[in-house]
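Undergrad: A structural model of the following input is requested.
(chains A and B)
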Amino acid sequence: DAGVIQSPRHEVTEMGQEVTLRCKPISGHNSLFWYRQTMMRGLELLIYFNNNVPIDDSGMPEDRFSAKMPNASFSTLKIQPSEPRDSAVYFCASSLEVTRQVGSYNEQFFGPGTRLTVL
Amino acid sequence: AQSVTQPDIHITVSEGASLELRCNYSYGATPYLFWYVQSPGQGLQLLLKYFSGDTLVQGIKGFEAEFKRSQSSFNLRKPSVHWSDAAEYFCAVGTSYDKVIFGPGTSLSVIP
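TA: Numbering: from 1, shown residues only, chains lettered A, B, ... in the order given. Predicted coordinates:
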C-alpha cells in the first residue's frame, strides 16, 4: 500500500489566494483527519470525517477554512482567502474504525504533509 | 480539560546511551496514551500505545513506555539510542473516539 498520499508537498502562494490541499487515504480506511502543525501551536486537529461525513470540525480556525470528502478515497482542505498566519504544515491521516465507541482507538496513519507558505 | 505536557523541548544524547523522554497528561478519566515519532520531512508514526492492563508497554524500534497513574506520567524510554532515532517525539492523549491531543513535542538529537 502506498500509504496516505498528500499533494502538493509544498505550496507557496500569496495572501488572498485560494489554496487547496489534497489527500488520498489508505484504501479501505473509513476515518480521515486533517491536522495543522506550527511551531507556536504544535499539532492541532482541524476536522475529521467518518464514512465521508464530517464528525467534528471544532478545530477549523474560521470560515476561511473548509474541508470536503466527496468519496472514500479523496478529501480536500481549502483555504480562501489565505493569510500569512495560515503558513504551516498540514497533515492528513486515516484510520480504519472497526468499532465506534468511546475508548475504541484505531491507529492513525499519517501522510507526509503539505508545507504551506503564504507570503 | 485534557492536555499533554512534554517538559523537554530538546534533548541531546550520545549514541548508545539510554534515553528517557518525559510526558505528563491531564485527563479526568482513564487515559488512552500514545507516543508518536516524526522524522524530518515525514508524517507521524505510532511508536506505542497504552489503553489498559500492564503499565509497561512495548513498542516498535526498541522503545517502551511506562504509565504511572499516581504521577500522571507516560515516559518513553530506550536503553540504547541509535543515530537513526534522531527525530521529534510526541506524546498524546486520546479524548473520545479517535480524537487525540498532542503534546508540544521533544526534539531528540543523537551525537555519534
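Undergrad: Contact partners for A:R41?
TA: For A:R41, the contact set (C-beta atoms under 8 Å, 6 or more residues apart in numbering or on different chains) is empty. Using the backbone N, CA and C atoms, a C-beta is placed for each residue, glycine as well.
Undergrad: From A:G59, how far out is it?
TA: Look at A:R41 and A:G59: by C-beta to C-beta, to the nearest Å, they are 11 Å apart.
Undergrad: Ok, A:K68 next?
TA: 16 Å.
Undergrad: list the contacts for the closest residue to A:I5 other than its chain neighbours?
TA: Leaving aside its sequence neighbours, A:I5 sits nearest to A:K24 (C-beta to C-beta, 6 or more residues apart in numbering or on different chains; 4.2 Å). If a contact means C-beta under 8 Å, 6+ apart, then A:K24 has A:4-6, A:73-75 as its contacts.
Undergrad: any weak-confidence spans in chain B?
TA: Per-residue confidence for chain B (pLDDT under 70) gives these ranges: B:96-98.
Undergrad: Contact residues of it facing chain A?
TA: Taking C-beta under 8 Å from any C-beta of the partner chain as the test, the list of chain B residues beside chain A reads B:32, B:41-46, B:49, B:51, B:90, B:94, B:96-105.
Undergrad: Is there any residue in stretch A:109-119 that contacts chain B?
TA: Yes: Stretch A:109-119 comes into contact with chain B (C-beta under 8 Å from any C-beta), by way of A:109-113.
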